[in-house]
Every structure is written in C-alpha cells, then in structure tokens.
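Enquirer: pasting a predicted model and its sequence here:
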Amino acid sequence: MFGGGHVVLPLLGEVVGDTLSKEQFLTGYAAAQAVPGPMFSLAAYLGGVLGGEKVFLGALVATLGIFLPGFLLIGAFGGAWHALAKHPRVASAIAGVNASVVGMLGFAFYDPVLTSAIAGVPSVAGAVVGWLLLKSKKIPLALLALLFVAGGVVVVYM
C-alpha cells in the first residue's frame with residue numbers, strides 16, 4: 001500500500017462495520033493516532049475487541065493479518081522492485097498510484113473522520129483552537145492530546 005496506513009481506514013471500517021459500532025471503530029482510530037505506529041495499534045485494538053475472550057490472540061492475529069502480506073512482498077520482491085521502478089513506464093504507473101492514494105487519503109479523512117467529528121460550530125471551534133495550540137508549540141503534544149480527550153469526555157457526558 002502506498003501512502004501509509006490511513007489508506008486502509010475506509011476498508012477496515014467496512015470489514016468490521018457489522019460487528020463493531022462506528023463509535024468503537026473511531027475510538028480505536030483516535031486512540032491509535034496518539035502513539036507511534038498508529039496502524040499497528042489500530043490493528044491490535046480491532047483484533048482485541050473482536051477477539052472475544054482471547055483478546056491477546058485476536059490482537060496478534062489482526063496485526064499479523066494487516067502487516068504480514070506487505071512484509072512478505074517486500075521480502076520476496078524488494079530487490080527487484082527498485083530495479084523495476086527505474087523504468088519510465090513503471091515510474092509513471094507508480095506516480096498514478098500515488099495520486100490515487102492522495103484521493104483515498106482525502107476520502108479517509110472526510111468519511112468517517114470529518115462526518116462524525118464535525119457536529120456544529122463548537123466542534124469546528126474546538127478543531128481550530130486545537131490546531132492553533134498545536135502550531136504555537138507552547139503546549140506539549142501529550143498534554144494537548146490529554147486536554148482534548150478530557151474535553152471530549154466532558155462534551156459527551158454533559
């Protein structure tokens with residue numbers, strides 16, 4: 001997959017849609033964004049939640065299921081890929097795939113993230129304030145994340 005793990009977000013949402021609520025899925029996605037390796041974390045979360053009583057096994061199988069195919073492809077074709085990518089037609093095809101990934105990333109940001117996160121003026125204002133605080137670099141990122149988690153809890157439960 002080109003472009004990072006966010007490209008698979010809509011696909012994962014469709015796969016788990018019947019067994020996991022949209023809120024549960026987005027909670028895992030949001031929590032995974034706060035740590036390095038968010039797709040590893042999201043895969044483990046989804047596997048753990050969907051694994052029933054075997055939480056650890058579910059998390060392990062889901063993580064392997066998401067990443068093992070890519071690792072196997074890199075192992076099998078990694079050396080040949082670099083040589084192949086030097087050919088002009090292949091390089092053009094790769095550029096086309098990368099362009100389509102940008103569109104998929106935009107869609108993954110729009111649905112489910114924006115469609116569920118923006119519910120009116122207060123949520124837009126919160127997003128703008130969060131972005132401004134992030135850009136100011138005066139508040140440590142971990143503290144900013146905790147502040148917005150607390151704010152989200154207050155909004156949901158009040």
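Expert: Good, I have the coordinates.

Enquirer: residues touching residue 91, list them.
Expert: Each residue near residue 91 by C-beta atoms under 8 Å, 6 or more residues apart in numbering is listed here: residue 85. Placement of C-beta: from N, CA and C, glycine included.

Enquirer: can you read off the pLDDT for it?
Expert: You'll see residue 91 listed with a pLDDT of 90.

Enquirer: give the phi and psi angles for it, as a check.
Expert: For residue 91, the backbone dihedrals (degrees, to the nearest 10) come out as phi -60, psi -40.

Enquirer: distance of it relative to residue 25?
Expert: Residue 91 sits 36 Å away from residue 25, going by C-beta to C-beta, to the nearest Å.

Enquirer: same check on residue 36?
Expert: Applying C-beta to C-beta to residue 36 and residue 25 gives a distance of 21 Å.

Enquirer: so which of the two has more stuff around it?
Expert: Taking other C-beta atoms under 10 Å, residue 36 and residue 25 do not tie; residue 25 has more neighbours (22 against 6).

Enquirer: now do the more buried one, the pLDDT please.
Expert: pLDDT, read off for residue 25, is 83.

Enquirer: cool, residue 76 as well?
Expert: On the pLDDT scale, residue 76 is placed at 91.

Enquirer: just residue 135 next, same as before
Expert: Note on residue 135: pLDDT of 91.

Enquirer: what is the burial count for it?
Expert: With other C-beta under 10 Å as criterion, residue 135 counts 8.

Enquirer: go on, residue 8?
Expert: Counted with other C-beta under 10 Å, residue 8 comes out at 18.

Enquirer: surely it touches residue 67?
Expert: No - in this structure, residue 8 is not within contact of residue 67 by C-beta atoms under 8 Å, at 10.7 Å.

Enquirer: anything in contact with each of the two?
Expert: Residues within reach of residue 8 and of residue 67 at once, by C-beta under 8 Å, 6+ apart, are residue 39.

Enquirer: for this structure, which spans come out with low pLDDT?
Expert: Along the chain, segments meeting pLDDT under 70 span 1-7, 10.

Enquirer: now do the helices in it.
Expert: With helices called from DSSP state H, the chain shows them at 9-16, 22-32, 38-50, 55-84, 88-108, 115-117, 121-136, 141-157.

Enquirer: most packed of these?
Expert: helix 38-50 (a mean of 21; mean count of other C-beta atoms under 10 Å).
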